[in-house]
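**Student:** predicted model and sequence follow; I will ask about them next.
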Amino acid sequence: MVTNITWHHNLTKEERDTLNGQKGATLWLTGLSASGKSTIACGLERLLLNKGVHSYRLDGDNIRFGLNKDLGFSEKDRAENIRRISEVSKLFADASSISITSFISPYKADRELARKLHEESNLPFVEIHVDVPLSVAEERDPKGLYKKAREGLIKNFTGIDDPYEAPEKPEIYLNTSEFSINECVEAIYEYLVEHKLLSI
Ligand code: ADP
């Protein structure tokens, strides 16, 4: 489908990172609705910005208001949703920013595509499984979505009538029924420091 277009190069990645004073990376949060992805992403974005690290959050609901407002929740639309997010987060990482994505992203194949897109371009991809027992997620139910799904008012709801394929080897595993919001944010920050993702 793509014809007569060429990718334009200007700065090398190293030059861009040096001039920006930091490297880019994508931190890919995945987990059930209400597992805590958005809450942790917000805390982490705030922490990184306070430390002078440029960072930006791509959040499931927010992206569906704009870029992906034409997409629903069928398997095909969910895959396209994740493909677009993957491409956008890759651009942020290439622009030396830390992009934090928070999407349920329930299917392994879609997350693998996101990883592959980054790895092909030598951009760090950190998969973070934000885990919680379904019963705890249902108890939290901050947006009342589980209740609606149980009543049959929402179809294809992950964990209820749609599967969640848990990552087998995420770079970071967080159980939010055992660790506090701050502990989860700190664990991610420590990983970034340890793996030298915050320095040039
Ligand atoms: P998601 O983005 O995964 O759908 P949200 O972050 O919107 O989830 O909601 C998670 C809810 O769980 C919030 O109300 C949050 O305050 C609560 N919560 C309780 N403990 C934790 C924790 N350790 N980490 C993240 N969220 C937690």
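**Tutor:** In hand now; what should we look at? Everything numeric in this text was worked out from a predicted model, so none of it was measured. Residues are numbered from 1 along each chain as shown.
**Student:** tell me the helices in this protein, going along the chain?
**Tutor:** Remark: helices assigned in the chain by DSSP state H are 13-20, 37-50, 60-65, 75-94, 108-120, 134-140, 145-150, 181-194.
**Student:** out of the ones you listed, flag the one nearest the ligand.
**Tutor:** helix 37-50 (3.3 Å; CB to the nearest ligand atom). Every C-beta, even on glycine, is put in place using the N, C-alpha and C of the backbone.
**Student:** which parts of the protein sit against the ligand?
**Tutor:** 31, 33-40, 102, 140, 142, 176, 179-181, 184 (CB under 6 Å from any ligand atom).
**Student:** now do 8 Å
**Tutor:** Neighbours of the ligand within the chain, by CB under 8 Å from any ligand atom: 29, 31-42, 59-60, 102, 104, 130, 132, 137, 140, 142-143, 174, 176-177, 179-181, 183-184.
**Student:** using ChimeraX, define a selection of the buried residues within those residues.
**Tutor:** With 16 or more other CB atoms under 10 Å as the criterion, this ChimeraX line picks the buried residues out of the residues of the chain next to the ligand:
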select :29,31,32,33,34,35,36,37,38,39,40,41,42,59,60,102,104,130,132,137,140,174,176,184
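**Student:** returning to that earlier point: how about TSV for the helices of the chain, with mean pLDDT added?
**Tutor:** Formatted as TSV, these follow (pLDDT from 0 to 100):
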stretch	mean pLDDT
helix 13-20	94
helix 37-50	98
helix 60-65	84
helix 75-94	93
helix 108-120	96
helix 134-140	98
helix 145-150	98
helix 181-194	98
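**Student:** how about TSV for these, with distance to residue 3 added?
**Tutor:** Shown next, in TSV, are the helices of the chain (distance: least, CB to CB, whole Å):
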stretch	distance to residue 3
helix 13-20	27
helix 37-50	38
helix 60-65	28
helix 75-94	19
helix 108-120	21
helix 134-140	46
helix 145-150	42
helix 181-194	40
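**Student:** for residue 170, find the nearest of these.
**Tutor:** Distance to residue 170, taken as CB to CB, is lowest for helix 108-120 among these, at 9.2 Å.
**Student:** name the helices or strands packed onto the closest one?
**Tutor:** strand 25-30, helix 75-94, strand 125-131 (3 or more CB pairs under 8 Å, 6 or more residues apart in numbering; DSSP states H and E).
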